[in-house]
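In: coords please:
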Amino acid sequence: MFHIMHGSTDKLIRYQHVQTNPTTFDFHLHDECEIYFMLSGDINYFIEKNIYPLKYGDLIITNPGEIHKPSLQSNKIYERVVLGFKPSKIRAFSTPQFDLLHCFFNRPRGEQNKISLNPGQAEELLQFFRKFDYLGKSAFAAYD
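Out: Sure thing, here's the model as predicted:
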């Protein structure tokens with residue numbers, strides 16, 4: 001099992017890169033917004049009353065209070081990156097012209113949670129996450 005968690009719950013962003021063997025997950029919710037990036041596995045993602053089949057490069061976004069869970073459909077290794085953050089901490093970076101939280105809150109609950117990236121976008125985001133992984137393993141003083 002591969003698991004990296006950088007920072008604690010009082011940090012601006014919770015970052016996790018997790019690889020697990022097939023297991024079952026319970027429905028849960030958070031007091032933060034979450035961005036989930038699918039890397040590998042055979043997954044259906046349940047959010048409220050909707051089911052989203054996932055493939056490499058899909059993003060799932062949830063807001064605080066949206067109940068969700070991944071459901072593994074086979075014995076494939078399950079790998080994902082998860083970013084979590086408190087809306088109140090991110091709101092300070094929004095402007096009247098660009099609301100960073102718009103996609104999390106200005107939609108019906110349990111709808112429009114999946115964003116499918118094209119291969120170039122998925123690779124660009126994966127390179128960004130690899131930098132997080134690298135910096136988290138180093139003694140880079142400014143990582144936090």
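
In: G120 belongs to a helix?
Out: Yes - using DSSP: H, G, I helix; E, B strand; the rest coil, the secondary structure at G120 is a helix.

In: contact partners for it?
Out: Going by Cβ atoms under 8 Å, 6 or more residues apart in numbering, G120 touches no other residue. C-betas here are computed from N, CA, C, even on glycine.

In: repeat for L83
Out: By Cβ under 8 Å, 6+ apart, L83 lies in contact with I13, R14, Y15, Q16, E34, I35, F37.

In: likewise N75?
Out: Under the criterion of Cβ under 8 Å, 6+ apart, the neighbours of N75 are P22.

In: and the contacts of L83 as TSV, adding secondary structure, distance to S88 and pLDDT?
Out: Output for the contacts of L83, formatted as TSV (DSSP: H, G, I helix; E, B strand; the rest coil; distance: Cβ to Cβ, whole Å; pLDDT from 0 to 100):
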residue	secondary structure	distance to S88	pLDDT
I13	coil	13	83
R14	strand	14	87
Y15	strand	18	89
Q16	strand	21	90
E34	strand	15	96
I35	strand	17	96
F37	strand	23	97
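
In: nearest residue to the middle of the chain?
Out: Y36 (2.0 Å; Cα atoms, centre = their mean).

In: that one - nearest residue in space that isn't next to it in sequence?
Out: Spatial nearest neighbour of Y36, chain neighbours left out: I60 (4.1 Å); criterion: Cβ to Cβ, 6 or more residues apart in numbering.

In: any idea which element the one you found lies in?
Out: In this assignment (DSSP states H and E), I60 forms part of strand 58-62.

In: what lines up beside that strand in the sheet?
Out: Using DSSP bridges, the strands paired with strand 58-62 are strand 33-40 (antiparallel), strand 114-116 (antiparallel).

In: so for F27, which of those sits nearest?
Out: Ranking these by proximity to F27 (Cβ to Cβ) places strand 33-40 first, at 13.9 Å.

In: which SSE is immediately downstream of that closest one?
Out: Toward the C-terminus, strand 33-40 is succeeded by strand 43-47 as the next helix or strand (DSSP H and E).

In: tell me the mean pLDDT for that next one?
Out: Average pLDDT, strand 43-47: 96.

In: what pairs with that strand, and is each one parallel or antiparallel?
Out: Assessed with DSSP bridges, strand 43-47 is paired to strand 50-53 (antiparallel), strand 68-72 (antiparallel).
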